[in-house]
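Chemist: sequence and predicted structure are below.
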Amino acid sequence: MAQALGPDSRGDHPEDGRPKWDNKCQYFLSCLGFAVGLGNVWRFPYLCQTHGGGAFLVPYAVALVFEGIPLFLLELAIGQRLQRGSMGVWMAISPYLSGVGLGCFAVSFLVSLYYNTILTWVLWYLLNSFQQPLPWSSCPPDLNGTGLVEECQGSSAVSYFWYRQTLNITADIKDSGSVQWRLLACLATSWAIVYTCVIRGIETTGKAIYFTALFPYLVLTAFLVRGLTLPGAVHGLTYLFKPNMQTLQNPQVWLDAATQIFFSLSLAFGGHITFASYNPPRNNCKTDAVAIALVNSMTSLYASLTIFSVLGFKATNDHGHCLDRNILSLLNEFDLPEQSISRDGYLAALAHLNTTQPERVARLSLKACRLEDFLDKSAAGPGLAFIIFTEAIVHMPGAPAWAVLFFGMLFTLGLSSMFGNMEAIISPLLDMGVVPRWVPKEALTGLACLVCFLLATCFTLQSGNYWLEIFDSFAASLNLIVLAFLEVIGVIYVYGMKRFCNDIQWMTGRRPGLYWRLSWALASPLLLLTIFVAYIAFLAQEPPSYRAWNPQHERFPARQEKRYPGWVLAACALLSLVPTLCVLVAALAQLLARRTRRWKPRDARPDADANRDTDTRATDGRGDPALP
C-alpha cells in the first residue's frame, strides 16, 4: 500500500511524505507499460518491413545502445536521486532549466489529447467486436434494401466501416463536419476509465498496471500461436525479416531507427522521472534501465512476429482469391471444364494459352497475382490496426473472439501509456504550486481529465482524423528531441558529470563505466543533434501535406495529397514551438527576476536575509542544489 498522505500533503515534495511503490514489480511494470505502447505493435513492424527487414535491426541496435539506454538511465537516476517530479527535478538542478519540466508537461498534455482519442477508436471497434458476423465483414444494405451500399462495393467492407461508419470523414480539413456522437460517447468512456485508474496516482495505477501491462503479452502469445498455424504464416515472417543490407546506405533508415527507439522508450515526457521519484533512493536504477529498455525492444520484435504471421496468412488468402478470379475468367473465356486449372497449375496454363491464343487472353485484363504484391500491402498506425489487420481477422475462424482479444490488447496497451502521460501532467501541477494545497488530488486529477476530454472533442468531428494526424506529427516529434537534448546537457554539464556519477555510485554501489560517461557526454547529444538537423532538413524538402479522401474518385476510399492551408500551417508551427519555447521563456523569466532583485535597493528587500538563509540551505556548500 502506498504511504498515506496527510490532508495537507499530496506527495509533491520529498519532505511531504512522498508516496512509494508497493513493491518493485509495480514500478517495473509501470515503466514498462509507459514505454511499451501502440507504436511497438503498429510502427516497429512497418519500419522493419520497409527498411530492409532484418537489416533494420542494425541501426536500431546502435540507437538503442548509444541513445535509448543512456538517456533512459539518466531520467530514472535523476528522478530517483532528487526524489522529485519532472518539474521539481529541473528546478532543483537550476531554476534556469525549469522550462524543461514545463515543456515536458506541455508535450504530455498535447499527446494525451490525441492518444486517448486513438483509444476511443479502439473502444468503438472493441464494442462492435461482440457481434456475429463482424460488422466490417460485409457491406451493409442500401437505403432501399434492394442491394448493398454502392460506395462500399467499390472498395471493401473493412475500409467502408473505418472511413464512413466510424470516422465519417470529410473530403477536406477545411470542412469540419459535425460531431460524431458515437465517438463522443466512446471518448467520454475512455477518459472515465483513465480517471478511474489514475484517480489517486500510483496508489491506483499500481494496482491496474498488473492487468494492463501483462494482458497484451498474453494476447500477443495467443495470436502468435494461432498465426503460426495459419497457412502462409511462413511467407509473412520470411518477408518481414529477410535482410536487405543495401538499405543501410539510406540515411532515412538510420533516422527512423533512432527516432523509433527514442519514442518507443517514451523519453523526455517526464513520466519516467516521476515514476522513479517514488522509488527508494538506493534502488538499483541502472539494472532497471537496462532491463526495461531490453524488454521493450524484445516486445517490438515479438509483436512483429505476431503481426506478420497473421498478415502472411492474409496475403496468402488474398493471393488465392486473385488466382481464383483469374482462373474463373479463363474457364469462362475458353469454355474449359471446372477444376481443369488449379492454383498450382495456373501459371503453366496461362503461359500455354498466351502462346496459342494471346488475343483472347489479352481481352480478359487478368490481374497480376504476385504474392509479394500482397505482402507489400502493409501500413503503419491506424491503417494497420483498423484496416489491414482487421481484414485479416475477418478470415480467421472464430473471428469475433480474435477481434475482441486484438482490440482489448490495443486498449490496455494504450491505457498503460496514458498512466505515464497523466502522471507527467499531474506531478508538474503539484510541483509548480499552481493548485491550492487544500484541493484533493482526486479533484485535481478529475479536473485535468475533464479539460483533456473537452479539448479532445475536436477529434470527434468528421475532420478529426486530419487533426489527429497533425497532433501526432507536430506536437511531440521536434519538441521531445529538443527536450531530451536539454536533459542531457542539464544533468551532465550543469548538474555535473562527476556529481551525477557519484549519485549513481551511491544508489547502485557501482560507479558508471566509460561506456556510460562517453554516451552521456558525446554520443547521445550528437545523436540527438543529428536527428534534429535531419528532421528540419526533411521538413524543408517536403512542405507539410495530408492525404484527404477524394469522394469523386470511382473507387472509395481514394486518397489524394493536399497542401495544408495557411491557418493550419500556423497551428502546426504552434504545436511544434510552444513546448520548446517554454524552456526559453522560463529561463528569461528567471534571468529577469534575478536582475530585478539585484537592482532593487537592499533596504527595500526586508526578506533579503531570509532569502539568503533559504539559498544557503538549498545548496550543499558548492553552490549546487542540496540533495534529499
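Modeler: Sure, I can see it.
Chemist: what ranges does the stretch 101-250 of the chain have for its helices?
Modeler: For the stretch 101-250 of the chain, the helices defined by DSSP state H, counting those that start in this stretch cover 150-153, 157-160, 181-198, 202-228, 233-241.
Chemist: TSV for those helices, including mean neighbour count and mean pLDDT?
Modeler: Every residue, glycine included, has its C-beta placed from N, CA and C. Below are the helices of the stretch 101-250 of the chain laid out as TSV (neighbours: other Cβ atoms under 10 Å; pLDDT from 0 to 100):
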stretch	mean neighbour count	mean pLDDT
helix 150-153	16	78
helix 157-160	22	88
helix 181-198	19	96
helix 202-228	19	93
helix 233-241	19	87
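Chemist: of all those, which one is nearest Ala456?
Modeler: helix 181-198 (6.2 Å; Cβ to Cβ).
Chemist: what's the angle between that closest one and helix 202-228?
Modeler: Angle of helix 181-198 versus helix 202-228, following axes from the mean of the first three to the mean of the last three Cα atoms, to 10 degrees, is 120 degrees.
Chemist: so what's the gap between helix 181-198 and the chain middle?
Modeler: Its chain's C-alpha centre and that of helix 181-198 lie 19 Å apart, by Cα atoms, centre = their mean, to the nearest Å.
Chemist: packing partners of that helix?
Modeler: Helices and strands touching helix 181-198, by 3 or more Cβ pairs under 8 Å, 6 or more residues apart in numbering; DSSP states H and E, are helix 98-128, helix 202-228, helix 399-432, helix 441-456.
Chemist: save the helices of the stretch 101-250 of the chain as JSON lines, and put in distance to Ala403 too.
Modeler: What follows is the helices of the stretch 101-250 of the chain, written out as JSON lines (distance: least, Cβ to Cβ, whole Å):
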{"stretch": "helix 150-153", "distance to Ala403": "19"}
{"stretch": "helix 157-160", "distance to Ala403": "11"}
{"stretch": "helix 181-198", "distance to Ala403": "16"}
{"stretch": "helix 202-228", "distance to Ala403": "11"}
{"stretch": "helix 233-241", "distance to Ala403": "19"}
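Chemist: so for Leu110, which of those sits nearest?
Modeler: Per Cβ to Cβ, nearest to Leu110 of these: helix 181-198, 15.5 Å.
Chemist: pull the CA atoms of that closest one into PDB?
Modeler: Written as PDB, here are the backbone C-alpha positions of helix 181-198 (Å, rounded to 0.1, in the frame of the first residue of the first chain):
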ATOM      1  CA  TRP A 181     -21.900  11.300 -31.300                       C
ATOM      2  CA  ARG A 182     -20.900   7.600 -31.100                       C
ATOM      3  CA  LEU A 183     -17.300   8.600 -31.000                       C
ATOM      4  CA  LEU A 184     -18.000  11.400 -28.400                       C
ATOM      5  CA  ALA A 185     -19.600   8.800 -26.100                       C
ATOM      6  CA  CYS A 186     -16.600   6.500 -26.500                       C
ATOM      7  CA  LEU A 187     -14.300   9.400 -25.800                       C
ATOM      8  CA  ALA A 188     -16.100  10.200 -22.600                       C
ATOM      9  CA  THR A 189     -15.900   6.500 -21.600                       C
ATOM     10  CA  SER A 190     -12.200   6.300 -22.400                       C
ATOM     11  CA  TRP A 191     -11.500   9.300 -20.200                       C
ATOM     12  CA  ALA A 192     -13.700   8.000 -17.400                       C
ATOM     13  CA  ILE A 193     -11.700   4.800 -17.500                       C
ATOM     14  CA  VAL A 194      -8.400   6.700 -17.400                       C
ATOM     15  CA  TYR A 195      -9.700   8.800 -14.500                       C
ATOM     16  CA  THR A 196     -10.700   5.700 -12.500                       C
ATOM     17  CA  CYS A 197      -7.200   4.300 -12.900                       C
ATOM     18  CA  VAL A 198      -5.200   7.400 -12.100                       C
END
